[in-house]
Structure formats: structure tokens, C-alpha cells
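A.B. asks: prediction below, plus the sequence it came from.
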Amino acid sequence: MTDAVTDPALDELLCFDLYTAQHAFGRLYKTLLGPLDLTYPQYLVLRTLWAESPQSVGEIGKRLHLETNTLTPLLKRLEAQGRVRRVRDTADERRVLVRLTEGGRGLEARAAHVPRRVAQATGMTQSEAIELQARLRTLADQLNRVS
């Protein structure tokens, strides 16, 4: 006779807790980024470019774990807003480089408060946040190995 596997309740599922936390973060970022006319994915692209510009579409996609077919419309919207410019790499025309415009670079100072406000909203100490990040990265690595 084998032990019966019980089906856990929804609130006992780790994935559901991660899902609800993700939605809570989404609401918080929407509140913080709305006045800047930015979505969370656009903010992530800009943060990547604030660290180093220009970058290729492939480099940005790899950093953000986004496929090109997801990233391209995002970049087109940012370009239409005057925040980035996409150009073909003169050394390799297959590559598209993305660089910040003055408007995109100027947004960095206007968004500087966002990480601090998010950190405050979590109610965690810096060491608690670092520990949680490490655990989440380990979890993601483990799940990526089996999927």
C-alpha cells in the first residue's frame, strides 16, 4: 500500500505565493512608474541601458531573460517615446544596437527614487532582502535545470 499524495490547498502552494508576490510588486511598480509613463518591462530595459549603453538587442534580451519577439515591441514603444534609438551595428548589420537618447538618460534621475521606495515597501532589512534574493535565484536555477 502506498501513501496517498494529498493535493495541497491553493494557499499551501509555493508557486501561488510567488504569483501573489509578483502581482503585489506589479501594483507597486505601476504606482511608482505611472507618473514617468513607464511600464515595468520598459523600466527594466532602461535600467539595463543606464548601466551600459549601447547594447545589442540580444544582450538586453539575455540580461532580462526575454525573447527577441517580446523585446522588439518594447523597444519600439521606447523609441516612439523618444527614450531609446535602435541602429544597425556597422560592424555586423545583423545586430541591432540600442542606445539611450537624451530623454532616456534624463529619465534615470527622475526614476532614482524607485529602488528605495520598493525596498521600503517590502518591510525587509537589507540583509533579509539579500537572503531572499539568493534563495529565489537558487530556486530559479533548480527549476531551470529540471524544465
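C.D. replies: Good, I have the coordinates. Source: prediction; values computed, not measured.

A.B. asks: how about the strands in this protein?
C.D. replies: Along the chain, the segments classed as strands by DSSP state E run 55-56, 84-88, 96-100.

A.B. asks: what's the distance between residue 117 and residue 71?
C.D. replies: Relative to residue 71, residue 117 is positioned 26 Å away (C-beta to C-beta, to the nearest Å). C-beta coordinates here come from the backbone N, C-alpha and C atoms, glycine included.

A.B. asks: what's the answer for residue 125, then?
C.D. replies: Counting by C-beta to C-beta, the gap from residue 125 to residue 71 is 34 Å.

A.B. asks: which one's more surrounded, these two?
C.D. replies: Legend: neighbour count by other C-beta atoms under 10 Å for residue 125 and residue 71, higher for residue 71 (18 against 10).

A.B. asks: pLDDT score assigned to that one?
C.D. replies: We have a pLDDT of 96 for residue 71.

A.B. asks: name the nearest residue to the residue nearest in space to the middle of the chain, sequence neighbours excluded.
C.D. replies: The centroid of the chain falls nearest to residue 44 when counting by C-alpha atoms, centre = their mean (4.5 Å). Leaving aside its sequence neighbours, residue 44 sits nearest to residue 64 (C-beta to C-beta, 6 or more residues apart in numbering; 5.5 Å).

A.B. asks: isn't that neighbour up against residue 46?
C.D. replies: No. Counting by C-beta atoms under 8 Å, residue 64 does not reach residue 46; the two are 11.1 Å apart.

A.B. asks: of the two, who's got more company?
C.D. replies: Counted by other C-beta under 10 Å, residue 64 and residue 46 do not tie: residue 46 has more neighbours, with 22 against 16.

A.B. asks: the more buried one touches residue 111, doesn't it?
C.D. replies: Yes. Taking contacts as C-beta under 8 Å, residue 46 lies within contact range of residue 111: 7.5 Å.

A.B. asks: shared neighbours, the two?
C.D. replies: residue 38 (C-beta atoms under 8 Å, 6 or more residues apart in numbering).

A.B. asks: for the protein, which segments count as helices?
C.D. replies: Ranges of helices within the chain are 14-33, 40-51, 57-64, 68-80, 102-110, 114-122, 126-146, based on DSSP state H.
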